[in-house]
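Novice: I would like the atomic coordinates for the input below:
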Amino acid sequence: MKSKLLFALVLACAPAVAVAKGNIEEGKRKAETCKACHGEGGAKPVLPEYPILAGQHADYLAAALNQYKSGKRKNALMTGFSAALSPQDIRDLAAYFAAEKSPLQYKY
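Specialist: Just a heads-up that it's a prediction; the model follows:
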């Protein structure tokens, strides 16, 4: 029973571990284009309808980019930008934005 629980916990953590392999410095370099809409460090979008990326969970950011790339999420700009991203680019961007100071506040 204990081994099944341990195996389930390892599987549950696998996506987060994969994203953790992103390189923050490379992500910062790759995020230059993102600044045009999401602001410096992803913390201050130029329009209110653009999301704040800074401080978001890396696995969420990676999933969103993968969904734009696959067409599961629909947004003409993001689909175009994400089409050229490699899996490592996505991990790097997710790691970078997750590490940035966020203006978002947690309610609890």
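
Novice: Please make it C-alpha for all contacts and neighbour counts, starting now.
Specialist: Will do.

Novice: State the mean pLDDT of the helix or strand harbouring Leu93.
Specialist: Under the criterion of DSSP states H and E, Leu93 resides in helix 87-99. Average pLDDT, helix 87-99: 98.

Novice: Tell me the buried residues in stretch 70-80?
Specialist: Of the residues in stretch 70-80, those with enough neighbours to count as buried (16 or more other C-alpha atoms under 10 Å) are Met78, Thr79.

Novice: Could you tell me how far that stretch lies from the centre of the chain?
Specialist: Taking the mean C-alpha point of stretch 70-80 and that of its whole chain, the gap between them comes to 15 Å (C-alpha atoms, centre = their mean, to the nearest Å).

Novice: all numbers from here: first residue = 650
Specialist: With 650 as the first residue, the last one maps to stretch 719-729.

Novice: For Gln705, grab the count of nearby residues.
Specialist: When neighbours are counted by other C-alpha atoms under 10 Å, Gln705 registers 20.

Novice: do you know how far it is from Gln754?
Specialist: 11 Å (C-alpha to C-alpha, to the nearest Å).

Novice: Over to Ala747?
Specialist: Using C-alpha to C-alpha, one obtains 14 Å as the distance from Ala747 to Gln754.

Novice: Look at the two and report which has more neighbours.
Specialist: For Ala747 and Gln754, the more surrounded residue by other C-alpha under 10 Å is Ala747, and the numbers stand at 23 against 7.

Novice: Just give the nearest non-adjacent residue to the more buried one, would you?
Specialist: Gly704 (4.5 Å; C-alpha to C-alpha, 6 or more residues apart in numbering).

Novice: Show me the helices in the protein, by range?
Specialist: Taking DSSP state H as the criterion, the chain carries its helices at 651-669, 673-679, 684-687, 707-719, 725-732, 736-748.

Novice: what's the most buried one of these?
Specialist: helix 736-748 (a mean of 24; mean count of other C-alpha atoms under 10 Å).

Novice: Run through the neighbouring helices and strands of it.
Specialist: If you count contacts as 3 or more C-alpha pairs under 8 Å, 6 or more residues apart in numbering; DSSP states H and E, helix 736-748 packs onto helix 651-669, helix 673-679, helix 707-719.
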